[in-house]
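Student: Just need the structure, nothing else, for what follows:
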Amino acid sequence: MCAALVAATPGGGFAQAPIVRNRTPLAANSFYALPLTSVKPKGWLRRQLEIQAAGLSGNLDEFWPSVGPDSGWLGGAGESWERGPYYMDGLVPLAFLLEDPRLVAKAHKWVRWTLENQREDGGIGPAKNQDWWPNMVMLKVLTQYQEATGDARVVPLMQKYAAYQLEKMKTVPLKEWAIYRWEDEAVSLIWLYNRTGDARALELARLLRGQGYDWRSAFDIFPYRQKSVKAETSLKTHVVNTAMGLKTAGVYSLISGDAAERASIFQALRNLDRYHGMPSGIFSGDEHLAGRSPVQGTELCAVVESLYSLENLMAVVGDGPLGDRIEKIAYNALPGTFSGDMWAHQYDQQPNQVMATLEPRAWTTNGPESNLYGLEPNFGCCTSNFHQGWPKLTASLWMATPDDGLAAVVYAPSEVTGVVRSGVRVKIAEDTEYPFRDAIRMVVNPAQSAAFPLLLRVPAWARQATVRVNGVAEKSVKAGGFHRIERTWQAGDRVEICFPMPVEAVRGFNNGVTIQRGPLVYSLKIGEEWRKLRDKAPAADWEVRPATPWNYALVVDDKRPAQSLRFTERPLGQFPFTPDGAPVTVAAKARRLPEWRMEGGSAAPPPVSPVKSGEPVETVTLIPYGAAKLRITVFPVK
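Tutor: You can find the predicted model right below:
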């Protein structure tokens, strides 16, 4: 537990873009996002971004027509709606975080067309696009690109566009998707206002709010408490709209100044957990809100959009448990929906997923392709949109505090560069194998001695957490918030963190149990037989069938689960989110449950616990949810 780590060493250049804080009349943030490239990935996280770059993200535009050279967002006659901006929204941060020359060149090409082709009236994008929604995504792309490159054309273009949209929306109001996704543009307009003081940006945000869906009221009342009935589905029950809408109250509270808006964030999360929560931290939606049964699915777009919403909310409200939720989704649900090499993804993932095959399932509206691993299962929106997940998580690991310090809000191997009090530049190298291990070591290197606060998020589950600075233990380290270290830092100062990970058996659907340790959820390792269904070179669509039994009931004392389970740590390899590469395995006792069978293409919902079984006790293996491409996560128990 909390074994010593090899000392991290500083390296790389300092970020160029300044940290920008809220101007009046905006309310203050609890934290402020650092400019893109201020945080660089290291260790397993860098490897994960490299896997993504070598997979679909780095190659998609070379063979998938929706983002190919004929895209309307490159001046062509092809797809001109959301897919080009979606792709850029992940490609841009991926390219600049990795400093990958090939991907950086692609990012420049994609963004350059928009920068060079703004219309005289201020409009942007393909002329045939008559929808505000894709432009909202493109504004997010432009803000990231400006932070990474300092391109002086971005801010004037956005100002001109905001003035154009402000006037145009008087006669061409929001429609369809834009009504439910207006909050994404509000994020970019706040970004623009903070850099220009141009009041039209906030005026436009207020107009968007007036024409857009009232997510705050919807989450407070929350009438959607059951699995959606197909005949009653709407854009109000759409899982991706819901994921995007999560950030609305927090983001708009900066403009309204209404503290009650911020409080409503937590009511929204409570309602989603209560009625649609999944053990991986996300909520169901296949493609509409689908209840709590672990055989229901969650769309990949909802996973990455929930992460983006929560990252924005963390900056606004600075609530420690939001970081816990980000980690749970990012380290379970996000990798759990990809093949290990990220050349294939699912549209829908299931917590209890015993086959990924081409056949109908109990989805609310989705089709029989939805849980295949492939290029474009069900719809291509996730193919174009998933790219933002890992890069934006990386960029959000660290944030700036309002009093010129730095805050570690999510943990992963990384290096952050920022400017703290008195304008001193500082670099902090974070060396860790978290979330697979419980030890984190940081080396603080200010350019000169500097007094500034360092805030460390302490997960709510880390009740025995310890923090040491240069070997001296910190006092009053409390779980569920941020531990503040205010001191004068010298080059080479060391911060050692230990988050002992308790083993928990969490009761859930039908009184079943899910095993958790720290931020990771554990699932049954099922033997996998992958069969190529369709060749879409260089990608393919795959069916995955079980090669070993899956219908087990755990034999575990849920009051003292650590006594029933044996955890084994293995070296962290090149592909940690694969069955064979899982850095942690768990030996557990279980009995087969023959009456638990398939229903259609899925496992039946787990029978109500406690259950009875006359089968012999066996030892089964659990692995992290994100490593298991077939899995049982919610187990019946004796």
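Student: count of residues packed around the spatially closest residue to Gly405 that is not a sequence neighbour?
Tutor: Computed as C-beta to C-beta, 6 or more residues apart in numbering, the closest residue to Gly405 that is not its neighbour in sequence is Pro453, at 3.5 Å. In this view, the C-beta of every residue, glycine as well, is placed from N, C-alpha and C. Residues near Pro453, counting by other C-beta atoms under 10 Å, number 18.
Student: likewise the one 5 residues further on?
Tutor: Other residues within reach of Val458 by the criterion other C-beta under 10 Å amount to 23.
Student: try the one 4 residues further on
Tutor: Under the neighbour criterion other C-beta under 10 Å, Ala462 is assigned a count of 23.
Student: what about it, is that helix, strand or coil?
Tutor: coil (DSSP: H, G, I helix; E, B strand; the rest coil).
Student: Next up, the contacts around it.
Tutor: Listed by C-beta atoms under 8 Å, 6 or more residues apart in numbering, the contact partners of Ala462 are Ala479, Phe499, Pro500, Met501, Gly518.
Student: so where is the stretch 451-600 of the chain shaky, pLDDT-wise?
Tutor: Across the stretch 451-600 of the chain, nothing is flagged by pLDDT under 70.
Student: residue boundaries of the strands in it?
Tutor: 466-469, 472-473, 481-489, 493-498, 503-507, 513-517, 520-524, 528-536, 539-546, 552-554, 566-569, 584-592, 598-599 (DSSP state E, counting those that start in this stretch).
Student: Just say which of these is most tucked in.
Tutor: A comparison of those by mean neighbour count, using mean count of other C-beta atoms under 10 Å, puts strand 520-524 on top with a mean of 28.
Student: Indicate which one of the strands of the stretch 451-600 of the chain is closest to Val424.
Tutor: strand 481-489 (9.0 Å; C-beta to C-beta).
Student: quick one, that closest one and strand 493-498 angle?
Tutor: Angle, strand 481-489 to strand 493-498, by axes from the mean of the first three to the mean of the last three C-alpha atoms, to 10 degrees: 160 degrees.
Student: CA atoms only for strand 481-489, dumped as CSV, please.
Tutor: The C-alpha trace of strand 481-489 is given here as CSV (Å, rounded to 0.1, in the frame of the first residue of the first chain):
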residue,chain,number,x,y,z
GLY,A,481,-13.1,18.0,0.0
PHE,A,482,-9.8,19.7,-0.7
HIS,A,483,-6.8,19.8,1.5
ARG,A,484,-5.0,23.1,1.3
ILE,A,485,-1.3,23.5,1.7
GLU,A,486,-0.2,27.1,2.0
ARG,A,487,3.5,27.5,2.2
THR,A,488,6.6,29.0,0.5
TRP,A,489,7.6,26.4,-2.0
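Student: Show me how far stretch 23-41 is from its chain's centre.
Tutor: Computed by C-alpha atoms, centre = their mean, to the nearest Å, the chain-centroid distance of stretch 23-41 equals 18 Å.
Student: Confirm for me that Glu305 is in contact with Met244.
Tutor: Yes: between Glu305 and Met244 a contact is recorded at 5.1 Å, counting by C-beta atoms under 8 Å.
Student: The stretch 51-200 of the chain: strands as residue ranges?
Tutor: In the stretch 51-200 of the chain, no segments count as strands under DSSP E, counting those that start in this stretch.
Student: all helices of it, in order?
Tutor: 56-59, 83-98, 101-116, 132-149, 154-168, 176-196, 199-211 (DSSP state H, counting those that start in this stretch).
Student: and among those, the most buried is which?
Tutor: Using mean count of other C-beta under 10 Å, helix 83-98 ranks as the most buried of the helices of the stretch 51-200 of the chain, with a mean of 26.
Student: could you give the mean pLDDT of that helix?
Tutor: Here helix 83-98 scores 98 as its mean pLDDT.
Student: Now Ala95. Nearest residue, chain neighbours left out?
Tutor: In space, Ala95 is closest to Leu103, 3.5 Å off (C-beta to C-beta, 6+ apart).
Student: got it, and Tyr275?
Tutor: Arg225 (4.6 Å).
Student: got it, and Gly291?
Tutor: Spatial nearest neighbour of Gly291, excluding adjacent residues (C-beta to C-beta, 6+ apart): Lys227 at 3.7 Å.
Student: Would you mind giving the secondary structure of that neighbour?
Tutor: Following three-state DSSP, the label given to Lys227 is coil.
Student: Most neighbours among the contacts of Ala462, please name it.
Tutor: Phe499 (29 neighbours).
Student: Ramachandran angles for the closest residue to that one other than its chain neighbours?
Tutor: Sequence neighbours aside, Ala462 is the residue nearest to Phe499 in space, at 4.1 Å (criterion: C-beta to C-beta, 6+ apart). Dihedral pair for Ala462: phi -90, psi 70, per degrees, to the nearest 10.
Student: Same check on Phe577?
Tutor: Residue torsions, per degrees, to the nearest 10, at Phe577 are phi -100, psi 50.
Student: Surely it touches Ser339?
Tutor: No: using C-beta under 8 Å as the test, Phe577 is too far from Ser339 to be in contact (9.4 Å).
Student: Comparing those two, which residue is more hemmed in?
Tutor: Phe577 (26 against 23).
Student: hmm, back to that, tell me how many other residues surround the residue nearest to Gly291.
Tutor: Lys227 has 19 nearby residues by other C-beta under 10 Å.
Student: likewise the one 4 residues further on?
Tutor: Using other C-beta under 10 Å, Ala231 has 5 neighbouring residues.
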